[in-house]
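I would like the atomic coordinates for the input below:
(one chain, ligands or ions: 1)
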Amino acid sequence: MRSVRHLGVATAAAALALSLTACSDGESDGGSGSAGPVTIEVSVQGGEISPSGETVEAATGQEVELLVSSDIEDEFHLHSEPEQVFDVKAAEDQRFSFSIDSPGTYEMESHHHEVVIVKLQVD
Ligand SMILES: [Cu+2]
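Got it, this is the predicted structure:
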């Protein structure tokens, strides 16, 4: 199966090139051992929050970065232990970062809207 083998080599080379040039674009690749942060973009606009309850994976101790754009003040509440609270202002591109040291699934809520924004699945 020569063609399959050649395809594998090409894919590996492409992946290597990608990792050399794009080490911090925030893409979660699901457990390659990458130490880069997991970035979660949160939008609060006109009473709508996105994402809305999606599961986001992170490794134990991995930095998780929230990038929040909101049109109102809000309070995001991460149900980790200890709990963490992020004071959101009515502003674009606010950054909050944290990490979680124990495996588990943790909900992050908006207390203003009383909805779950993301579920962090930490392995
Ligand atoms: Cu809460």
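
How about the contacts made by the residue in the chain that the ion sits nearest to?
Residue nearest to the ion within the chain: His77 (3.3 Å; CB to the ion). All C-beta spots, glycine's among them, are computed from the backbone N, C-alpha and C. Counting by CB atoms under 8 Å, 6 or more residues apart in numbering, His77 touches 83-86, 108-111.

how about a cut-off of 6 Å?
For His77, the contact set (CB atoms under 6 Å, 6 or more residues apart in numbering) comprises 85, 109, 111.

swap in Tyr106?
When the contact criterion is CB under 6 Å, 6+ apart, the partners of Tyr106 are 79-80, 120.

now it: how far from Gly46?
27 Å (CB to CB, to the nearest Å).

Please name the bridge partners of Val56.
Leu120 (DSSP bridges).

Just the pLDDT for it.
pLDDT, Val56: 97.

do the same with Val9
44.

tell me the strands in this structure, going along the chain?
Per DSSP state E, the chain carries strands over the ranges 38-45, 48-50, 54-58, 64-70, 74-78, 84-88, 94-98, 104-110, 115-122.

How much space separates Gln94 from Val44?
Taking CB to CB, one finds Gln94 at 10 Å from Val44.

neighbour count winner among the two?
Legend: neighbour count by other CB atoms under 10 Å for Gln94 and Val44, higher for Val44 (22 against 16).

check contacts around the more buried one.
Contacts of Val44 by CB under 6 Å, 6+ apart are 70, 74.

who's it bridged to?
Under the criterion used (DSSP bridges), Val44 bridges to Ile49, Ser70.

What distance do you get for it to Ala59?
Counting by CB to CB, the gap from Val44 to Ala59 is 27 Å.

again, but for Gln94
24 Å.

Any idea how many residues pack against Thr105?
For Thr105, the count of nearby residues is 12 (other CB under 10 Å).

That one reaches Gln121, doesn't it?
Yes. Assessed by CB atoms under 6 Å, Thr105 is found in contact with Gln121 at 5.1 Å.

Got the confidence number for the nearest residue to Ala58 once chain neighbours are set aside?
Excluding the flanking residues, the one nearest Ala58 by CB to CB, 6 or more residues apart in numbering is Val38, at 4.7 Å. Looking at Val38, its pLDDT stands at 97.

Good, wrapping up.
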